[in-house]
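Enquirer: following is a predicted model, sequence given first.
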Amino acid sequence: MARYIGPKSKIARKFKDPIYGPDKYFEKKNYPPGMHGQSRRRPKASEYGTQLMEKQKAKYTYGILERQFKNTFLRAARKGGKTGEVLLQLIEARLDNVVFRLGISPTRSGARQLISHRHITVNGNVVNIASYEVHPGDIISVRERSRSLEAILNSVASRSNQFPWLEWDVNSLTGKFMNFPERDQIPENIKEQLIVELYSK
């Protein structure tokens, strides 16, 4: 499936937020790209423009294409609770995001590659679909024959973030999805209500 593979710093500058993590180029030029990026006379974004920008930011952050993102939103709208929060919970439960959160890969794009190359199992079964939805109680693990991969070992060794909805056993390279995260536990700087307003038009 197609994914954005262009310059990430340019996208981070577009949204004025280091959505792909620490970025020295973003820190050096933390203004929008293009010849008018530093201009103070840039037109103010409309309400629709602001909502659209927030949706695009969420899509780039999680690496999801438009159709898949909209389908996830429609699923969230059918569930109970606040649609915006449920949307983020469903996205956080994607296998590629869980692999990233566990620290098996330092990036979501790297996590997708590990999954597509069949290095990840869920409940003992190999899963090669990045959008696979993980459920509470599921066990996510590095496939036994893949546990010596340098990329995985380096990522796990530098793992620093720990999330309350995930358990991790470094010795067996195995994690457990405990429950869907609460909104205040999700660190991404996304205003999900703007996305709800955009799709509700």
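Expert: Sure, I can see it. The structure presented is a predicted model; accordingly, all values stated were derived computationally and were not measured.
Enquirer: show me the helices in the protein, by range?
Expert: Here the chain has its helices, by DSSP state H, at 8-15, 24-28, 47-62, 66-78, 83-92, 95-102, 108-116, 150-157, 192-199.
Enquirer: with mean pLDDT, distance to Trp165 and mean neighbour count as extra columns, can I get those helices in JSON lines?
Expert: From N, CA and C alone the C-beta is placed, and that goes for glycine too. Conversion of these to JSON lines gives the following (pLDDT from 0 to 100; distance: least, C-beta to C-beta, whole Å; neighbours: other C-beta atoms under 10 Å):
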{"stretch": "helix 8-15", "mean pLDDT": "64", "distance to Trp165": "26", "mean neighbour count": "19"}
{"stretch": "helix 24-28", "mean pLDDT": "54", "distance to Trp165": "28", "mean neighbour count": "13"}
{"stretch": "helix 47-62", "mean pLDDT": "91", "distance to Trp165": "16", "mean neighbour count": "17"}
{"stretch": "helix 66-78", "mean pLDDT": "95", "distance to Trp165": "17", "mean neighbour count": "15"}
{"stretch": "helix 83-92", "mean pLDDT": "97", "distance to Trp165": "8", "mean neighbour count": "21"}
{"stretch": "helix 95-102", "mean pLDDT": "96", "distance to Trp165": "9", "mean neighbour count": "25"}
{"stretch": "helix 108-116", "mean pLDDT": "94", "distance to Trp165": "17", "mean neighbour count": "21"}
{"stretch": "helix 150-157", "mean pLDDT": "94", "distance to Trp165": "19", "mean neighbour count": "14"}
{"stretch": "helix 192-199", "mean pLDDT": "95", "distance to Trp165": "17", "mean neighbour count": "19"}
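Enquirer: need the ones you listed in CSV (columns: distance to Val142).
Expert: As requested, these are arranged in CSV below (distance: least, C-beta to C-beta, whole Å):
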stretch, distance to Val142
helix 8-15, 25
helix 24-28, 30
helix 47-62, 22
helix 66-78, 25
helix 83-92, 20
helix 95-102, 9
helix 108-116, 8
helix 150-157, 6
helix 192-199, 31
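Enquirer: quick one, domains of this protein?
Expert: The record's domain split for the chain, according to automatic domain parsing, is 8-90+189-199, 94-179.
Enquirer: gap between the last one and the chain center?
Expert: Yep, that's domain 94-179 we're talking about. How far domain 94-179 lies from its chain's middle: 13 Å, per C-alpha atoms, centre = their mean, to the nearest Å.
Enquirer: and that domain, how far apart are its ends?
Expert: Separation of the first and last residues of domain 94-179 by C-alpha to C-alpha, to the nearest Å is 13 Å.
Enquirer: ok, Leu194 to Asn97 distance?
Expert: As defined by C-beta to C-beta, to the nearest Å, Leu194 lies at a distance of 21 Å from Asn97.
Enquirer: and the most centrally placed residue in the chain, what is it in contact with?
Expert: In the chain, the centroid-proximal residue (C-alpha atoms, centre = their mean) is Tyr62; its distance is 3.0 Å. With C-beta atoms under 8 Å, 6 or more residues apart in numbering as the criterion, the residues that contact Tyr62 are 91, 94, 97, 108.
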